[in-house]
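Novice: Based on what follows, work out the 3D shape:
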Amino acid sequence: MRVKIAPSILSADFTQLGQQVQIVEAAGVDRVQLDVMDGRYVPNITFGPIAFRSLRPLTKLTLEAHLMVTPPEDFIEAIAAAGADTIIVHQESTPHLHRAIQQIHSLGKKAGVALNPSTPASTLSEVLGLLQIVLVMTVNPGFGGQKFIRETLPKIRQVRSALTERGLDCEVEVDGGINEETIGWVAEAGADVMVAGSSVYDAPDGVGPAIARLVQCATGRGLKSSVLSHQ
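Specialist: Reported below is the predicted structural model:
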């Protein structure tokens, strides 16, 4: 399994956002995540389509939209048109999850669903076969820099097991509190994409070395607790 780091620009320097994305692109990642918050589903407000539109010409990276909004159906079309490649909605944010996934696919985008820490993995059983990403939140959404919730680890294992049992080609992504210690735990549990914000952008020796260390820790060369190999 190949481990991927998805830097979250929520922790980047907003005065140099284009450059901050280009820096992580040069470090070898394949995507960046943009957290869209509306002040309703979560307390904070971040940015909307204009951020995607501004960044799209500056990078070849996959732009991954994590919609912490309600209802997500009101945002999907505008975010897609602005340049997002992947759109992730929260299971808890809409009573019409299947419809939201269909809407994302109808716009030619990859679809993901996020699960809050208290939301069971089983709530995705009816839509699992439609997804390209399942995002397990390992903190409560809405704020950067939170402490990892260890009780989410069994859920990561449950999602990975369900995907394997059904033979589905779907990434398991985690978001929240990812650092050089916790990344080994989630890799062992079955995650293959790790969203990292402050541990990437706040690293004293720079973004490139930080990403390299995270990959090493996830693949067992930095933490003895991890048994995955990096290809």
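Novice: chain center to the longest helix seen in the chain, what's the gap?
Specialist: Longest helix of the chain, by residue count under DSSP state H: helix 153-166. In terms of C-alpha atoms, centre = their mean, to the nearest Å, the centre of helix 153-166 is set 17 Å apart from its chain centre.
Novice: which secondary structure elements does it contact?
Specialist: strand 133-137, strand 171-175, helix 182-189 (3 or more C-beta pairs under 8 Å, 6 or more residues apart in numbering; DSSP states H and E). Every C-beta, even on glycine, is put in place using the N, C-alpha and C of the backbone.
Novice: could you give me the average pLDDT of the longest one?
Specialist: Pointing back at helix 182-189 there. What helix 182-189 shows for mean pLDDT is 96.
Novice: Pull out the buried positions in the longest helix of the chain.
Specialist: 153, 155-160, 162-163 (16 or more other C-beta atoms under 10 Å).
Novice: Contacts for it next, please.
Specialist: For helix 153-166, the surrounding residues in contact (C-beta atoms under 8 Å, 6 or more residues apart in numbering) are 115, 120-122, 124-125, 128-129, 134, 136, 170, 172, 174, 185-186, 189-191.
Novice: And G145, what's its pLDDT?
Specialist: 76.
Novice: Just confirm it is within a strand.
Specialist: No. Going by DSSP: H, G, I helix; E, B strand; the rest coil, the assignment for G145 is coil, not a strand.
Novice: contacting residues for it?
Specialist: By C-beta under 8 Å, 6+ apart, the contact set of G145 is 11, 197-198.
Novice: Sounds good, over and out.
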